[in-house]
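Novice: Sequence first, then the predicted structure, then my questions.
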Amino acid sequence: YHRVTRETRYPRVLFTTSTRDDRVHPGHARKMVARMKEQGHDVLYYENIEGGHGGAANNRQAAYMSALAYTFLLKELW
């Protein structure tokens, strides 16, 4: 967060977090996304309102988050 610069070219980034994460507060991801966006970087953000530190509350949410990550990777690599 503190070392992100406008001049540095970063690849497109996907941040994921959970509103109910009791180990790593989602504010950290929110702050990083805000910093990168205000400097003009291409950032995607997904916050699951359920779940916890693992990000998903059930198998359906886990599958959704996995699909989100794999879709992001496929689009970025091709």
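Specialist: It's in.
Novice: okay, CA-based contacts and neighbour counts for the rest of this
Specialist: Noted.
Novice: list the contacts for the most centrally placed residue in the chain?
Specialist: For the chain, the residue nearest the mean C-alpha position is residue 15 (1.0 Å; CA atoms, centre = their mean). With CA atoms under 8 Å, 6 or more residues apart in numbering as the criterion, the residues that contact residue 15 are 29, 33, 43-46.
Novice: who wins for most neighbours among the residues you listed?
Specialist: Using other CA atoms under 10 Å as the neighbour test, these are led by residue 33, with 21 neighbours.
Novice: after the host helix or strand of the residue nearest to the centre of the chain comes which helix or strand?
Specialist: Applying DSSP states H and E as the criterion places residue 15 in strand 13-18. For strand 13-18, the following helix or strand on the C-terminal side (DSSP H and E) is helix 27-38.
Novice: any idea of the mean pLDDT in the following helix or strand past that following helix?
Specialist: Counting by DSSP H and E, the element after helix 27-38 in chain order, helix or strand, is strand 43-48. Average pLDDT, strand 43-48: 96.
Novice: got the contact list for the longest helix along the chain?
Specialist: Looking across the chain with DSSP state H, the single longest helix is helix 59-77. Defining contact as CA under 8 Å, 6+ apart, one finds that helix 59-77 is touched by 12, 14, 55-56.
Novice: can you give me how far it is from the chain middle?
Specialist: 12 Å (CA atoms, centre = their mean, to the nearest Å).
Novice: Alpha carbons of it, as PDB, please.
Specialist: This file holds the C-alpha atoms of helix 59-77, laid out as PDB (Å, rounded to 0.1, in the frame of the first residue of the first chain):
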ATOM      1  CA  ASN A  59     -19.600 -24.600  -1.200                       C
ATOM      2  CA  ARG A  60     -21.700 -22.500  -3.600                       C
ATOM      3  CA  GLN A  61     -19.800 -19.300  -2.600                       C
ATOM      4  CA  ALA A  62     -16.500 -21.100  -2.700                       C
ATOM      5  CA  ALA A  63     -17.300 -22.300  -6.300                       C
ATOM      6  CA  TYR A  64     -18.300 -18.800  -7.300                       C
ATOM      7  CA  MET A  65     -15.100 -17.300  -5.900                       C
ATOM      8  CA  SER A  66     -13.000 -19.900  -7.600                       C
ATOM      9  CA  ALA A  67     -14.800 -19.300 -10.900                       C
ATOM     10  CA  LEU A  68     -14.200 -15.600 -10.400                       C
ATOM     11  CA  ALA A  69     -10.400 -16.100  -9.900                       C
ATOM     12  CA  TYR A  70     -10.000 -18.600 -12.800                       C
ATOM     13  CA  THR A  71     -12.000 -16.400 -15.100                       C
ATOM     14  CA  PHE A  72      -9.900 -13.400 -14.200                       C
ATOM     15  CA  LEU A  73      -6.700 -15.400 -14.800                       C
ATOM     16  CA  LEU A  74      -7.900 -16.800 -18.200                       C
ATOM     17  CA  LYS A  75      -8.900 -13.300 -19.400                       C
ATOM     18  CA  GLU A  76      -5.500 -11.900 -18.300                       C
ATOM     19  CA  LEU A  77      -3.400 -14.600 -19.800                       C
END
